[in-house]
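> Pasting a predicted model and its sequence here:
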Amino acid sequence: MAHSDRCLLDHLIAAASAGGTPAARGAVSYQRALVTGASSGIGRAFTQVLPASTDLLLVGRNAATLDEARRELDRPGRRVETIVADLADEAAVADLIARADGFGIDLLINNAGTGRLGAVIDNSARAERETAAVNVLAVVQLSRGLLPGMIDRARRERRRAGLIIVASTAAFAPVPYFTTYAASKAFDLSFAEGLAEELRTQPVDVLALCPGATRSQFGSRAGLSASNLPGAMDPQTVARQALAALGRQRVKVTGIDQAYLAPALLPRCLLTRVLGVAMREVVARMAASPTPARPARRSSPGRP
């Protein structure tokens, strides 16, 4: 087995077994959190499981659902604000950075994402660009723009900051007919791991969250029924596991057990072929459906 495949398998086994080995440091209580894709799915779940003492800056594209989330989360003495923003727009991301820096966040949850099921050449160029812009460029821009201030504040206050980047189990192998999405999540995984090492001496913890099948709107919008997949998890369970892993692990995989690690043992080219056959059948069934799938925007990642 190639070294890279062995490292991948080691990551998966460690993350999917007992949840990793806890560090000696106790749980960190965050004061102010920014959550992108906060209106539903895993993003909404993060806002629900964070302590009521954590102020929240909620970001999404749907003003109505964001306002609903704000009303649900509002508590006396708690600051909950919303920002309607399209993270495919670089200028909107820059405005968000300025707002979040002024908010004084110490926890950044890069959760928002998008994907389009189908062959790359059959999908619109706009949809493919949007996937790359939201899943890759916005993650880099937000992380680079906000980490310096987060680290400075953490150092001054003698606390720790936190960064969660939501990748996917799709990050671990090419997924034909979900090609750009899977590639973008592979970037997110690698980016988070690289950042974690670069910042290992700084007062900030970095986690790549790789959810498996999760009950969310993303899967249904992409034409997938994640709730019917074996081991599909509740978004709040995923969010709780991620927060528990932050500061203890660099990669957290949810929603799978040891039985699902078998594909990692296959050569990469063979794994791509197998996934291609399976996804081709999915796309064929969708094409025969009277209600074709729409582009999928998500606040939590559904998985093929």
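That came in fine, so what should we check first?
> Excluding chain neighbours, what is closest to the one residue sitting closest to the centre of the chain?
Central residue of the chain (C-alpha atoms, centre = their mean): Val166, 1.7 Å from the mean position. Distances taken as C-beta to C-beta, 6 or more residues apart in numbering put Asn111 closest to Val166, at 4.5 Å, once the chain neighbours are dropped. C-betas here are computed from N, CA, C, even on glycine.
> before we move on, back to that, next, the contact list for the residue nearest to the centre of the chain, please.
Val166 sits next to 42, 109-111, 113, 188, 209, 211, 300-301 when contact means C-beta atoms under 8 Å, 6 or more residues apart in numbering.
> picking that back up, any idea how far the residue nearest to Val166 lies from Ala33?
When C-beta to C-beta, to the nearest Å is the yardstick, Asn111 and Ala33 sit 11 Å from each other.
> who has more neighbours, these two?
Asn111 (30 against 24; other C-beta atoms under 10 Å).
> Might you report the residue contacts of the more buried one?
35-38, 42-43, 46, 164, 166, 299-300.
> which other helices and strands contact the helix or strand encompassing Asp152?
Assessed by DSSP states H and E, Asp152 sits inside helix 138-157. On a contact count with 3 or more C-beta pairs under 8 Å, 6 or more residues apart in numbering; DSSP states H and E, helix 138-157 meets strand 32-36, helix 90-103, strand 107-110, strand 161-166, helix 179-198, strand 204-211.
> out of these, which comes closest to Ala52?
strand 32-36 (12.1 Å; C-beta to C-beta).
> between whichever helix or strand comes after the closest one and strand 204-211, how big is the angle?
Scanning forward in sequence from strand 32-36 by DSSP H and E, the next helix or strand is helix 41-49. In terms of direction (axes from the mean of the first three to the mean of the last three C-alpha atoms, to 10 degrees), helix 41-49 departs from strand 204-211 by 130 degrees.
> pretty sure Ser143 is touching Asn110, no?
Yes: contact criterion C-beta atoms under 8 Å: Ser143 and Asn110 qualify, at 6.7 Å.
> which of those two has more neighbours?
A direct count of neighbours by other C-beta under 10 Å for Ser143 and Asn110 places Asn110 higher, at 27 against 19.
> residues contacting that one?
With C-beta under 8 Å, 6+ apart, Asn110 has these contacts: 36, 138-139, 142-143, 163-166, 188.
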